[in-house]
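[1] Here's my sequence, what's the structure:
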Amino acid sequence: MNVALYARVSRHDKDQNPENQLIKLREFASCHGWEVYATYVDYASGAKTSRPGFDKMLRDARARRFDAILIVRIDRLARSTRHLLNVLEDLRMRGVELVCTDQEIDTTTPAGKLLFTVLGAVSELELDLIRERTRDGLARARAEGKRLGRPPSSVLMEHILELRKEGLSLREIGKSVGLSHQAVKQRLRRNRVQKRA
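    The predicted structure follows:
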């Protein structure tokens, strides 16, 4: 059986190395006598439904270049139950199975399909809880009067004011200084408030 190995880490740093996952996957494939067709790696959040390595792997799966995808855990593949189920259905239609080595999930069995769905829901709940805690933390910081975001630069503000005097639109100024037009608008508004004070 030909298999694809997929590993994902959230970001580039010394604590996040996809090789840790790939070592396990290679050993698992070797123990089962499976041939590794290709290895796909992403450095991105699992909440993103489109990732370079993931997208290439799905294209190859649709072309039936391998029989199964090996991952260590389902959260490496997706963090949304809906996305997970969509991927699983897409793979099923192509005759490509999914095997999670650490969670002992094998979609070739009904029990494996059920467990896969339950773990996907738990993974999505975990991500929602993290987002909720982050929102609560930001709301508390705002309530305490803490300033969030990039600190304003007086040099940048002077440049924005000069460009505005020249008659440039907010979008044109934003492109020139590397900000969104909304960020430029907020800075101009804040500058007017500070001058009044």
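
[2] show me what contacts the most centrally placed residue in the chain?
    Centroid-nearest residue in the chain, with Cα atoms, centre = their mean: residue 45, separated by 2.2 Å. Going by Cβ atoms under 8 Å, 6 or more residues apart in numbering, residue 45 touches 10, 79. All C-beta atoms are positioned from the backbone trio N, CA, C, and that covers glycine.

[3] what's the spacing between it and residue 68?
    Between residue 45 and residue 68 the computed distance is 25 Å (Cβ to Cβ, to the nearest Å).

[4] Now do the helices in this structure.
    19-31, 52-62, 81-94, 110-143, 154-165, 170-177, 181-196 (DSSP state H).

[5] Quick check: which of those helices is nearest to residue 103?
    Counting by Cβ to Cβ, residue 103 lies closest to helix 110-143 out of these; the figure is 6.2 Å.

[6] okay, now the domains of the chain?
    Domain ranges of the chain: 2-128, 154-196, per automatic domain parsing.

[7] Adding distance to residue 148 and mean pLDDT, write these out as a markdown table.
    What follows is the domains of the chain, written out as a markdown table (distance: least, Cβ to Cβ, whole Å; pLDDT from 0 to 100):
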| stretch | distance to residue 148 | mean pLDDT |
| --- | --- | --- |
| domain 2-128 | 21 | 83 |
| domain 154-196 | 12 | 83 |
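
[8] Pipe the helices of the chain into CSV and attach distance to residue 9 and mean neighbour count per row.
    Below are the helices of the chain laid out as CSV (distance: least, Cβ to Cβ, whole Å; neighbours: other Cβ atoms under 10 Å):
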stretch, distance to residue 9, mean neighbour count
helix 19-31, 8, 15
helix 52-62, 11, 17
helix 81-94, 18, 15
helix 110-143, 16, 13
helix 154-165, 34, 13
helix 170-177, 33, 16
helix 181-196, 30, 13
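
[9] OK, contacts around residue 52?
    residue 42.

[10] actually residue 2, not the one I wrote
    Residues near residue 2 by Cβ under 8 Å, 6+ apart: 34-37, 65-68.

[11] Kindly report the same for residue 173.
    Here residue 173 is in contact with 160, 163-164, 179, 181, 184 (Cβ under 8 Å, 6+ apart).

[12] what's the closest of the helices of the chain to residue 4?
    Nearest of the helices of the chain (Cβ to Cβ): helix 52-62, 5.6 Å.

[13] Settle this for me: residue 183 is touching residue 174, isn't it.
    Yes: using Cβ atoms under 8 Å, residue 183 is in contact with residue 174, at 6.8 Å.

[14] Tell me how far residue 98 lies from residue 180.
    39 Å.

[15] So if I had to pick from those two, which one is more boxed in?
    Higher neighbour count among residue 98 and residue 180: residue 98, with 24 against 12, using other Cβ atoms under 10 Å.
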